[in-house]
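Participant: give me coordinates for this.
(2 chains)
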Amino acid sequence: MAYFPRLGPFYDPRHEQEFYGEQDGRLHLRNLKDSENTAFHDNDSGRASFDSPQQSRRNVYHEPSDKIEAGWTSFVQEHGNLFYVDIDGGTGKGPAQRLHQSSSQTELNNNSLKEQIHVAEDIDDEYVTLNRNVALEHLDGYTVTNNPNPNSDSNRNKSVQNEFNRTINSSEDKYDGSHYLQKDGIQRNIQSYSKYLDNDNLPGRTSPKIANLLDSTGAFLSVQSGKRKSISLSPDFSDVDNMLSTSGIDLCKKLFGIVLCQYKQTPSRQNGSSIDHIMRDRKVIVQGVVHGSQAEKCCQIFRGDMLVALNDIDITWVNLDDIFQSVSKTQQKLKLTFQVPHVIGPKLPTPPHTPTRSTPPLFPQPAIITTPPRPPPPVRKQSEDNLVQLVTGETLRSIRNALQKYLISIMYLTFATQSDQPQDQVLYKFPEVENKLFEIRGLFLTLSSLLKDVTCDSPVKTCVRYKEYDTDVLYWKEGQDVLVIGLPTQRVPSTFSPQLLEDLLRIIRILFGSIYKVFRDHTVQGQLDQLFGLTFYRVLLSQENTLCYSSGLDMMLLDTLTGVRWLRLSQNDKLLCDEILSEFEASDFLELEEEDKRRHYAILGTSLYYKEYMLSSHLYWEDLNDIHLFLKYHFLLSLVTSQSVEELVIWREVFPTRHCHVEREIVPGFPEPSGRWFLLVVGIKHFILCTLLEAGGYASDAVGKPGPDLFFVDQAKATILQLEADDVNITEHCEERLYSEITGPKIKTAEVNTRTSRNSKSEEGLFNPFKAQNSPRSRNTDDDIDRSSCPTHLPGGSDFTMRRQGSRLSYGSNDSTGSGSSSGAARAKIVSKAGSMHDVSALNRSFSEKEVSNPQVHIKLTRGINNMLFHYVSFEGLDGIYLSPSPCEASLASHGNLQELVLQKFYHTCLSIHRIFQKHSAAQDTCRNESSCLFRQGTTWQSIREEGIMFVFTSGIVTGPKKPSPSLAYWVVGRLFPGQQEMYVCFQDGVQQSMVEMAFSQTFGKS
Amino acid sequence: MAAHLICLTSGGGVPIFTRNKGNLKPLPFPVIGSLNGVHMFANSHDVKLLSTTTEDAKVVWKVFHDSITLIIVTGDDSADDIHLNNLLSQVCDAMVLLYGLEDLANIKNIERFKREIKICSQLIDKILDQADLLTVGDLTNAVDIIAAPENSVLQNYLDAFTEAADSPYGCLMVHGKIAIATKRWWTLTSKEMVLLSLLMSSLSPCSSRDIPVFLPNLSPSVPHRLLTFQLIKDVDVCVLCGPSPTLAQLEEEVGRFWRSGYDLLRSLLQLHPRNYPLSITLDSNIMGFILVNRESHRCLCSTHPHPVASSKDTIDSKRRLEILRSFYKHVMGTFFPMSDDPDKGQEEICHQAQESYISTDSHKCYTILSEPHQIFVLYTANIPTFAMRSVTQKTLSLLVKDKHIQI
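Facilitator: Numbers count the residues shown, from 1 in each chain, chains lettered A, B, ... in the order given. Reported below is the predicted structural model:
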């Protein structure tokens, strides 16, 4: 089953005050064990609530949630993560915030409705579901406020006939009628939904569709935290003999099939009043539902619900017996009002199974799965540019229009045509509009076949100029077919475009299997349009609107590094992620065990992304690269990075590179099964979970074009939600990693440097005397922390290099007298940062905490010293991962025009260097037939290891008659390590080389 | 360098000549026609076909004077197109130098033109034959010099001789490198100086010659006479003059003017592969360098920096020059702006590259731009990367400040 880390027993009377801190019955489940390293750490009132329930209860009771709220605000997430939001504690929050929360709640409710809106593309196996937060903004008015006073009858009387009774406090509602209309619309939706449920609610609930709906309904209910619901049930008197002698608990069980939680121990009798008090405060909780009873059939009463009223009369343990005995005399339907617990933690996708099996089964029964249902109404979108619109917010048409100002083209041309019509040469073209490149397509076709005779190889790139603008045209050739892509050189550097083509070809192969066939298949041309539209949008348009700090070049550099951007979590968190993923991959779901048949899919592996960063991957690296490309070229990574996604489900058949497009070596022993592969991408908020499924092998063969397997979709969703459980809370840790300063080498902005270069010089002079004492001490603190796991990181080594510095054969030592001291000091700093970067295990939170708790050392390390590092990118080809400063670090450092220019230059230069690295390492690998390459050049740069360029920026401003205008010199250095590891750094001139060497070698553990 | 060079008329696409370097078979006529055809097709659609890169090779098209189209097919060194364009311009200028612009721009009789343009073949082959060159002037657009201590004395000889020849333009060349030249010679454009040097080294040695040349910039239509006299082997004195004096007249004067300088010329020639004075000692890790002055358009190149070649040097002189050329092509145009490139430069102004290096397993290169000089130094792999900068800076100042090196 799914993993529930330390989510304690669902209900324990002894801790009931922890669960139900308030009379409203909100369930405040928290973790004692974990409290130390969560945000409660610094919140005294929060901790107090754990230490002594009684005291905390008093706190809560007397000071309505002020302190608790303060402790929780850190959990209120930007995009309205519901689970930590205390809605009715209005005292601490402004109306705007409440509005936001309620809207988010609406979204969640709405979400569960839309959950089923699978956008199915009939022509292929692709199903896309995506709800965007933005799209739901009009629902803001739908506020469901918690009743601040659950005892007030007036509110309860308002409960509508609707099964889902929301108590809407109209006096608090600030919105006009139109919003109510919208709200009503939603409620109608819900009603129709429940009807839908009720109608199909056959015994056994074997339909997976229903099961899925039930699941979503369950989610729907659970997110109505602290809500009331009223359910009308007609009592069943068949079992009841004597109404008056039976206890309320038994009556409840017999009449409705609701098992209430019994208290075995009676409260200690200290004085009479307290017993009464405790009995009154004790909640009446549903323990379970009797199988086959009315309560089970209605599917709305769950374990953990709190029974608050019967026919609008408040129920407590004091009057429980009386009320049941009295009201049960009537033979009519009775209205039971429940309070839904406020669940702290994730929506429980798989509520724990009770022995009574009172909760509805959540998973489809295996027998029915074989006929995957069509996604149910109400909405079923189906349009060509749906995906484009969903991920970019623009239609394909508008993208096409925007692209018209560029001379771009993608054409698939062929010689293999029977007719003489020149139009028949074109099998595919994007955009539809005929532009100049389309006009001269004959040129490309001719060149692609002609150059074979001239140079014995096929063309890669042609550069043409039209109206003063250069365009790069790239070729892909197979047989008599040519695919050409034209890109404007000004926008797409020619160092990048070959990679773009390569990636596009790979993604087409992954998605459609064969390039040759796909362009001849007219049914998928819509999808090709989408793919190319998105690609051009990403490459050309997306940076136009947003003020990107490096005008898109970073994206291009990072694209050429065919790796996955990796966010290094602390080891604990990484382990947690891995554990959760493994749990999912193991797929020993209860439902599947009961099954006699072969499974439908085997999980080959999963990978988890947070925003654009990969957190963890259990995939073969080639598969990972495939999937990464898929996400990248469908704009999905950018999407989840820029906004919180309500829900994203993508299901499609893929043709993984290593299975379908590469000659496989035959490994003796275990041949990998051949079959069909399916990619399932599920995204919630900023998370994306990609699962590669295999049909065939030990799973059964796939027949036809199977639709999404709802079971796996649900499980994937559940897996993501687990990551958000309060004791796992990967989101927070990710954000912490992304936005804390300690994640990597500190970078700085170039702007400050020119301005304060004089000041910092003098400051360095001041700090110089301290340096000698400071740096060894700070090093020691580092060593204390990570010595065990960082053997290369020895104080002796640094001393040695320090001495070597004395030789003065170093950068900048000739021209600047001050640099000796400055770089020495800066060196100490980079080393400390580098150490933290290098050492995976030292990067846990205890490390950062220690650093923070040692502010003295920290300040001395950072203050008053010129940090010389501007930017860096490191890439490991073998692992397919790379590191670079987090966007926060980058944005912190990039609030200047100059920094932008520097970065732009950095990326541009890196692209060139990377190209050289690639070309010459590739030349080393391929040992081709000599006769076929007439023009193979000498091997001048074959063993290239490093390249660096120093740029000087001179602002034209003349500050004084004698002073030269301020200038800034900075280096861009790329280094190729053995094992395809590449690293690019940008730092200010004047850093001693020994320090740069150290940064290079220490930072990534290679010497 | 393996290369095809094709020259056609722009209007009709008639092939004028093709040159094939390296072990390449001549291209068949239909292929040449197609190569030109795609270019003309693009032209008819107002699109300019600039270049095409294949996996290993590169094809560049260029039209000159609206009259001839040059197509070059050569190995792709992943350098900027600017270097191949530069090469094609040089080829065209070579044709102008020997044939005259007017006849080149207006080809009246194609058959006659085809026959007559063959006089350029030798020079064009020399330009294409970059790997065999001992000079780098074709690449840097700056004329190679040889900096000898004897130069200052020899200058008087030259000045006297040119006066006798009644011409302000005169120079003394050693293996195609200028040792000394008159003031007016230095006022020639870099293109002309480089071409004249190339022309000298392309011609087979002879005691004296009289060649009509059109200076591509100064007088593209009116020919001058280039009179050259071999003083000793590989040392020539060149004079550009008008109709008089005749070759015979001047030849008689040569002995009179230069005989006393014979010893100086001998020692000048001794300096040949080294090209800079023996008094300067460079770092032992330096295997070669190119020093360019972008203002005076002179460059000094040496791949024999040390009088006694140490045995551990694994890279021979030819390969050293090849690496330096390759390094030059790699950084110029890509990171450093070429001085005469109008397209680039605008964006480079605010962020000008000043230094660059490459380090490989077998050698390292470093370049420093310090206007107007730029130095490219080739090091052994033994030198630590951090040392290269200061060594390069010292080398640059040592070379620039030396009184014998007039760069």
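Participant: find the closest residue to chain A in the stretch 251-400 of chain B.
Facilitator: B:F386 (2.8 Å; Cβ to the nearest Cβ). In short, each C-beta sits where N, CA and C put it, glycine included.
Participant: now do the helices in the stretch 51-200 of chain B.
Facilitator: In the stretch 51-200 of chain B, the segments counted as helices under DSSP state H, counting those that start in this stretch are B:81-99, B:101-105, B:110-116, B:121-128, B:137-140, B:151-164, B:183-186, B:190-202.
Participant: packing partners for the second one?
Facilitator: In this structure, helix B:101-105 packs against helix B:81-99, strand B:219-232, with contacts taken as 3 or more Cβ pairs under 8 Å, 6 or more residues apart in numbering or on different chains; DSSP states H and E.
Participant: packing partners for the shortest one?
Facilitator: It stands for strand B:219-232. helix B:101-105, helix B:190-202, strand B:208-215, strand B:235-241, helix B:247-258, helix B:262-270.
Participant: with distance to B:Q354 added, can I get the ones you listed in JSON lines?
Facilitator: Shown next, in JSON lines, are the helices and strands packed on strand B:219-232 (distance: least, Cβ to Cβ, whole Å):
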{"stretch": "helix B:101-105", "distance to B:Q354": "38"}
{"stretch": "helix B:190-202", "distance to B:Q354": "22"}
{"stretch": "strand B:208-215", "distance to B:Q354": "35"}
{"stretch": "strand B:235-241", "distance to B:Q354": "37"}
{"stretch": "helix B:247-258", "distance to B:Q354": "44"}
{"stretch": "helix B:262-270", "distance to B:Q354": "35"}
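Participant: which stretches of the stretch 901-1007 of chain A have low pLDDT?
Facilitator: The model of the stretch 901-1007 of chain A has pLDDT under 70 over residues A:921-942, A:954-966, A:979-980, A:990-1007.
Participant: what helix or strand is B:I290 on?
Facilitator: strand B:286-293 (DSSP states H and E).
Participant: state the distance from A:E478 to A:V972.
Facilitator: 38 Å (Cβ to Cβ, to the nearest Å).
Participant: just want to know which of these two has more residues nearby.
Facilitator: When A:E478 is set against A:V972 and neighbours are counted by other Cβ atoms under 10 Å in any protein chain shown, the residue ahead is A:V972, at 27 against 13.
Participant: who's in contact with the more buried one?
Facilitator: A:905-906, A:909-910, A:913, A:948-951, A:984-986 (Cβ atoms under 8 Å, 6 or more residues apart in numbering or on different chains).
Participant: swap in B:D236?
Facilitator: Contacts of B:D236 (Cβ under 8 Å, 6+ apart): B:172-173, B:200, B:228-230.
Participant: who wins on neighbours among those?
Facilitator: Going by other Cβ under 10 Å, B:L172 tops these with 27 neighbours.
Participant: disregarding residues adjacent in the polypeptide, which is nearest to A:G257?
Facilitator: A:S293 (2.1 Å; Cβ to Cβ, 6 or more residues apart in numbering or on different chains).
Participant: just give me the neighbour total for that neighbour.
Facilitator: Using other Cβ under 10 Å, A:S293 has 20 other residues around it.
Participant: picking that back up, out of the contacts of B:D236, flag the one nearest to chain A.
Facilitator: Closest to chain A, out of all of the contacts of B:D236 and judged by Cβ to the nearest Cβ, is B:M200, at 27.3 Å.
Participant: need the pLDDT of that closest one.
Facilitator: Here the pLDDT value assigned to B:M200 is 89.
Participant: that one against B:K177, yeah?
Facilitator: No - B:M200 lies out of contact with B:K177 (Cβ atoms under 8 Å); the separation is 9.6 Å.
Participant: mind jotting down where the strands sit in the stretch 251-400 of chain B?
Facilitator: B:286-293, B:298-302, B:351-360, B:363-370, B:373-380 (DSSP state E, counting those that start in this stretch).
Participant: quick one: contacts for the most far-flung residue of chain B relative to its centre?
Facilitator: In terms of distance from the mean C-alpha position of chain B, B:H45 ranks first, at 35.9 Å (Cα atoms, centre = their mean). Neighbouring residues of B:H45 by Cβ under 8 Å, 6+ apart: A:436, A:439-440.
Participant: just the pLDDT at it, thanks.
Facilitator: 89.
Participant: what number of residues lie near A:Q287?
Facilitator: A:Q287, neighbours per other Cβ under 10 Å, totals 19.
Participant: helices or strands up against the host helix or strand of it?
Facilitator: Secondary structure from DSSP H and E places A:Q287 in strand A:286-289. Of the remaining helices and strands, those touching strand A:286-289 by 3+ Cβ pairs under 8 Å, 6+ apart are strand A:258-260.
Participant: so what touches the strand it packs on?
Facilitator: A:249, A:252-253, A:284-290, A:293, A:295, A:301, A:307, A:336, A:356, A:358.
Participant: what do you get for stretch B:174-181?
Facilitator: By Cβ under 8 Å, 6+ apart, the residues outside stretch B:174-181 that reach it are B:134-135, B:143-146, B:148, B:151, B:154-155, B:158, B:170-173, B:185, B:193, B:197-198, B:200-201, B:234-235, B:268-269, B:271-272, B:275, B:298.
Participant: so what does the very next helix or strand once past the strand holding A:Q287 touch, helix or strand wise?
Facilitator: As assigned by DSSP H and E, the chain's next helix or strand after strand A:286-289 is helix A:294-298. Helix A:294-298 sits against strand A:228-233, with contacts defined as 3+ Cβ pairs under 8 Å, 6+ apart.
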